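Chemist: Just need the structure, nothing else, for what follows:
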Amino acid sequence: MMWFFLFLSLCAISFKDWMFFSSMFFIDGFTVFIISIIPLVLIMILLFHFNYSSTDEMLIYYSSFFFILLFVFAVFLVNHSFLFIFFIEMCVYLMSFLILFYSKDLDKYASTLFMFTLNILGSIPFLLFSTLLTDTSFTFSLFNQVFSLSYVSNMIMFFSFFLILVSKLPLMFFHFWLTKAHVSASGSCSMILASLMLKLGSFGFYKFFLFFFFCSLLTFNMTVSLSLFSCLFFCLLMLRFSDMKHLIACSSILHMSLIFPLTGSGFTPGIFSSMFMMVGHGLVSYFLFFLVTLLYEFSYGRSMDLNKSQESFTKSILMMLFIFLFLNIGFPPFLNFYSEVGFCLFLLSFSLISLIIFCLTMTFSILFTMYLISKSIFGKKHSFFLLENDGTVNFFSLKLLYSLLVLSFIT
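Modeler: Model prediction:
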């Protein structure tokens, strides 16, 4: 409950906005609440040591992660439209570099190409129209200049912005690079992708919401329908794969799909629920991908058929995997539970059919999570299972693993 009380205390004092450094940076209660994930991610990356072929390779690897966290921190604070897009693009380029050079799967080329295409198609018109606003000011609080544009120009600017941010969101027809990147990326890259990169799109739309309020109203019904359709699609997609990393990615995306329409809805419980889901998903998915990476180091595979009945070998890992999978589906009193309740309240006011569809998808996600737990812990052991560890992941002691378990209760 630590993040919950942090959020309430910040909201109590965040009815005004703080500007500093010549009004180029902006911070409020929501921003501080989301930024609270970054120190935890940085600590967890530094605690675990990965073996590389050379010291230079390790230096490049950790430097890239440090700059990604630095740029993400700047994205959350910056109040300058050009710098906002610049820092987002730098995060994308560095993450693409890590995926391309530290992954072995051929899907990495398709995922990075699709992501670059969406960013280029959105960045060029957005920056072109942003230069029209440089006469007086260049900040997000500049409403009059945006609404002084023509209707067509405003719509073009909105959809170009939409393309930039939607490529970082789990939305139908724009998510294909995301699942491929999770599967092809290394464990640490998946941790950063799930915990921080997916939050950039939602947070950007939250900052830009008043900028494009009328355009958002025109596309609101479409985005809600598309998000619910994405939930159904990922439910069907989970039936095809046995890769544990792919399944966790689909399950996480399933819970994140409604953040985009709720952030731009103007519905206060919806915005609060989105913020809860951003932080809760950032914590849980980060540890889930880490635990799957540890299982891979023991079995040399991520398939559920290969990782059956491991309770005799990796009790600590499986116990935490069991707990974090339940936290992922919204087990109270974690933050995901409050966000799921907020989603249901919003969909109830929107449409009863949409609420029924959402409840069906969440029920399916719970059933599949139970199936994953039962198969990995109580399933029949694979005959070719080898209990070996080549030492590619070293951690100081088992106390660090148990600290993750304690963290699940205090959050």
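Chemist: separation between F116 and L59?
Modeler: From F116 over to L59 the distance is 26 Å, taken as Cβ to Cβ, to the nearest Å. Heads up, the C-betas are built off the backbone N, CA and C, glycines and all.
Chemist: Neighbour count for the two, which is higher?
Modeler: Taking neighbours as other Cβ atoms under 10 Å, F116 and L59 compare with F116 leading, 16 against 11.
Chemist: mind listing what V284 touches?
Modeler: Taking Cβ atoms under 8 Å, 6 or more residues apart in numbering, we find V284 in contact with S252, F324, L327, N328, F334, N336.
Chemist: where does it sit relative to S354, distance-wise?
Modeler: 25 Å.
Chemist: In the stretch 101-250 of the chain, where is pLDDT below threshold?
Modeler: For the stretch 101-250 of the chain, the stretches with pLDDT under 70 are 126, 129-154, 172-176, 208-219.
Chemist: What ranges does it have for its helices?
Modeler: 107-130, 143-147, 151-166, 176-184, 187-192, 198-208, 213-237, 244-256 (DSSP state H, counting those that start in this stretch).
Chemist: Next, format those helices as a markdown table and append distance to K315.
Modeler: What follows is the helices of the stretch 101-250 of the chain, written out as a markdown table (distance: least, Cβ to Cβ, whole Å):
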| stretch | distance to K315 |
| --- | --- |
| helix 107-130 | 33 |
| helix 143-147 | 57 |
| helix 151-166 | 42 |
| helix 176-184 | 26 |
| helix 187-192 | 21 |
| helix 198-208 | 31 |
| helix 213-237 | 31 |
| helix 244-256 | 18 |
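Chemist: Select, out of these, the one closest to F76.
Modeler: Nearest to F76 among the helices of the stretch 101-250 of the chain is helix 198-208 (6.4 Å), distances taken as Cβ to Cβ.
Chemist: Can you tell me which of the contacts of V284 end up in helices?
Modeler: Counting by DSSP state H, the contacts of V284 place S252, F324, L327, N328, N336 in helices.
Chemist: Next one, pLDDT for the last one please.
Modeler: N336 is assigned a pLDDT of 79 by the prediction.
Chemist: got it, and the second one?
Modeler: If you check F324, the pLDDT there is 82.
Chemist: which residues touch it?
Modeler: Contacts of F324 (Cβ under 8 Å, 6+ apart): V284, F287, L288, L291, S408.
Chemist: If any of the residues you listed are buried, put those into a PyMOL selection.
Modeler: One line in PyMOL is enough to select the buried ones among the contacts of F324; burial here means 16 or more other Cβ atoms under 10 Å:
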select buried, resi 284+287+288+291+408
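Chemist: Next, format the contacts of F324 as CSV and append distance to C344.
Modeler: What follows is the contacts of F324, written out as CSV (distance: Cβ to Cβ, whole Å):
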residue, distance to C344
V284, 19
F287, 25
L288, 23
L291, 29
S408, 23
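Chemist: Go through the contacts of F324 and say which is closest to I259.
Modeler: For these, the nearest to I259 is V284 (14.4 Å; Cβ to Cβ).
Chemist: how close does that closest one get to S349?
Modeler: Applying Cβ to Cβ to V284 and S349 gives a distance of 27 Å.
Chemist: Dump the ones in helices among the contacts of V284 to TSV, plus distance to C359.
Modeler: Shown next, in TSV, are the ones in helices among the contacts of V284 (distance: Cβ to Cβ, whole Å):
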residue	distance to C359
S252	19
F324	23
L327	19
N328	17
N336	15
